[in-house]
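*Asks:* I would like to see how this sequence folds:
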Amino acid sequence: MVQQGQLIELTRRGRGEPLWAYRFRAGGRGSKRVQRGGFASEQDAREALERELERLRRERRIARRLTLAELVETYLAQHDVQPVTIEKLRYLLSKATAVFGDRKVGELTSQEIAEWRMRLSPGYRFEATQALRQVLHRAVAWGMIEVNPAKVGVDNPVRRRKEQHPFESWAELEAVAEAIGPRYGPMVLFAAATGLRPAEWIALEKRDIDRTERVVTFAAPLLAAS
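*Replies:* Okay, the predicted model is just below:
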């Protein structure tokens, strides 16, 4: 939301003559404050402020007329990531544009987005909703809309993964290890028996294994800060 702005009386250095300026926040509370000065009179500053606010209002009205499909294309065109990431986003966003593509961005509501989300397959429900949130968040930052309708009032919990049991018995596991061969088969048995993650057992050295005590010592891998 564009504020009404305010006029500021300044003092010209060395002369004591007043100068006037105006300032406003283009995106509402918390957004960057814009200030321009150098006007000879209060009236000049007020007229310049009104022209600037009217220009912003026109831009907002035009922006709100963008459809979701147009917004998605605009967003992807300036999103500076790897092509594979762009393609994944395009695929996930296609779930939303298939339903809301011809809708104006300013017309989308949280209720209909929440209903759309529940109609998605659980396999990509979370990611597709996150992708839509990402695009509409940029629309908020660009001043196209004031609130992200895919976030406020739309829950998007991470899907709980089910524990997988690919083998029913040790006999099945040993059969797989035997089929792999003597070089790599034992690693399959070792990983299954210890429960170590790949990053943990791959990093093991000879000194980490005590064959006599049948003990393995390992250090948890460090995770890069995000």
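
*Asks:* does residue 95 touch residue 128 like I think?
*Replies:* Yes: using Cβ atoms under 8 Å, residue 95 is in contact with residue 128, at 4.5 Å. Glycine gets a C-beta too; all of them are placed from N, C-alpha and C.

*Asks:* list the residues that contact both of the two?
*Replies:* Counting by Cβ atoms under 8 Å, 6 or more residues apart in numbering, the common neighbours of residue 95 and residue 128 are residue 120.

*Asks:* skipping adjacent residues, who's closest to residue 185 in space?
*Replies:* Leaving aside its sequence neighbours, residue 185 sits nearest to residue 177 (Cβ to Cβ, 6 or more residues apart in numbering; 3.6 Å).

*Asks:* kindly report the same for residue 86.
*Replies:* Residue 86's closest residue in space is residue 76 (Cβ to Cβ, 6+ apart), at 5.7 Å.

*Asks:* for this protein, which segments count as helices?
*Replies:* 42-64, 68-78, 83-100, 110-119, 125-141, 170-180, 185-194, 198-202 (DSSP state H).

*Asks:* average pLDDT for the third one?
*Replies:* Going back to what we said before, that points to helix 83-100. Per-residue pLDDT over helix 83-100 has a mean of 94.

*Asks:* now do stretch 157-172
*Replies:* Here stretch 157-172 scores 76 as its mean pLDDT.

*Asks:* dump the C-alpha coordinates for that stretch into PDB.
*Replies:* Extracted C-alpha coordinates of stretch 157-172, given in PDB (Å, rounded to 0.1, in the frame of the first residue of the first chain):
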ATOM      1  CA  PRO A 157       3.100 -29.000   6.400                       C
ATOM      2  CA  VAL A 158       6.000 -31.100   5.100                       C
ATOM      3  CA  ARG A 159       4.800 -34.500   4.000                       C
ATOM      4  CA  ARG A 160       5.700 -37.200   6.600                       C
ATOM      5  CA  ARG A 161       7.800 -39.800   4.900                       C
ATOM      6  CA  LYS A 162       7.000 -43.400   5.600                       C
ATOM      7  CA  GLU A 163       9.700 -45.800   6.800                       C
ATOM      8  CA  GLN A 164      10.700 -48.100   4.000                       C
ATOM      9  CA  HIS A 165      11.400 -51.800   4.600                       C
ATOM     10  CA  PRO A 166      12.900 -53.100   1.300                       C
ATOM     11  CA  PHE A 167      14.100 -56.400   2.800                       C
ATOM     12  CA  GLU A 168      12.000 -58.800   4.800                       C
ATOM     13  CA  SER A 169      14.900 -60.900   6.200                       C
ATOM     14  CA  TRP A 170      18.700 -61.100   6.400                       C
ATOM     15  CA  ALA A 171      18.500 -63.900   3.900                       C
ATOM     16  CA  GLU A 172      17.200 -61.500   1.300                       C
END
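
*Asks:* hmm, who's touching it?
*Replies:* Contacts for stretch 157-172 (Cβ under 8 Å, 6+ apart): 122, 123, 125, 126, 173, 176, 192.

*Asks:* roughly how far apart are the closest residue to residue 79 other than its chain neighbours and residue 73?
*Replies:* In this structure, residue 79 finds its nearest non-sequential neighbour in residue 86, 6.5 Å apart by Cβ to Cβ, 6+ apart. With the distance defined as Cβ to Cβ, to the nearest Å, residue 86 ends up 11 Å from residue 73.
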